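Undergrad: next input, structure requested:
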Amino acid sequence: MSSTTVVIGVGPGLGMSIAHRFGREGHRIALISRNGDRHPGYVSALADAGIEATSHPADVRDRDALLTALSTIAESHGGIDVVYYGPGAADPAARPAPITSTDVAAAKDAMSWVYPAIDTVGAVLPEMVERGNGGLLFAGGLSSVVPMPTIGNLALSSAALRNYALTLNAALADQGVYAGTLTIGGLIERGDIHRMVASQLDRLDGMAVGTLNPDTLADAAWTLYAKREAPEAVFNAFTQNG
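TA: Below you'll find the model as predicted:
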């Protein structure tokens, strides 16, 4: 039986690149995102590449919907071998307030993207540990390691997700289950945010935002999972002006 990779937060950029990359390794793909209208196109594109995929629309912030989708995938696919967690912002056009204006409400809102990651791990990890194999991959922002005051509350959630992934990696090292994270700074080509700002690149604290090829990121994700030699791959497409 082939392995199954769940792509949570699938979109036209990195999510689909992850699906194609793991699919090329023989994995069946299960797609989860809130925009189910896009899924038929994604499934068709994967089928054209010879990759089997199933669609499971769910908003990760709806805990019941997320857990139901994961349960359905585990049952219909005969288990879950790898999970990639990389949901995008609910409103790509929204700009966070700077860190000096971040209040408790804003912090809680940002953390609402971390809690589903914990729910996901809780749903899939016991079977992975029992089986002695599996993978948990996360995608987070560079603000988790590089101070970016204009990112505001998103820096808090990025740091929390990164620490969660790295700590899971340490906890699971001798149990056959890998955990790792892609720490990403830059606009991911073909993604929704990239399309929105393609004609007017944002600037953050004197740094110009460059672009990243999602296929390169997906290759890194596969290498992290397959080789299990490092818990993190960092990508920085920011350059300092002046």
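Undergrad: apart from its chain neighbours, what residue comes closest to the most centrally placed residue in the chain?
TA: Per C-alpha atoms, centre = their mean, the C-alpha nearest to the average position across the chain is that of residue 86, at 1.7 Å. Nearest non-adjacent residue to residue 86, counting by C-beta to C-beta, 6 or more residues apart in numbering: residue 139, 3.5 Å away. (C-beta placed from N, C-alpha, C; glycine too.)
Undergrad: roughly how far out does the helix or strand where the one you found lies sit from the chain middle?
TA: Using DSSP states H and E, residue 139 maps to strand 134-141. Computed by C-alpha atoms, centre = their mean, to the nearest Å, the separation of strand 134-141 from the middle of its chain amounts to 6 Å.
Undergrad: packing partners of it?
TA: Counting contacts by 3 or more C-beta pairs under 8 Å, 6 or more residues apart in numbering; DSSP states H and E, strand 134-141 packs against strand 82-85, helix 115-131, helix 153-172, strand 177-185, helix 214-227.
Undergrad: just grab the bridge partners of residue 232 for me.
TA: Beta-bridge partners for residue 232, by DSSP bridges, are residue 181.
Undergrad: that one: what's it in contact with?
TA: Residues near residue 232 by C-beta atoms under 8 Å, 6 or more residues apart in numbering: 162, 165-166, 180-183, 224.
Undergrad: span of stretch 75-87 from start to end?
TA: 23 Å (C-alpha to C-alpha, to the nearest Å).
Undergrad: so for it, what's the average pLDDT?
TA: What stretch 75-87 shows for mean pLDDT is 97.
Undergrad: how much space separates the residue nearest to residue 86 from residue 230?
TA: With distances taken as C-beta to C-beta, to the nearest Å, residue 139 is found 16 Å from residue 230.
Undergrad: same thing with residue 118?
TA: Counting by C-beta to C-beta - residue 118 and residue 230 are separated by 23 Å.
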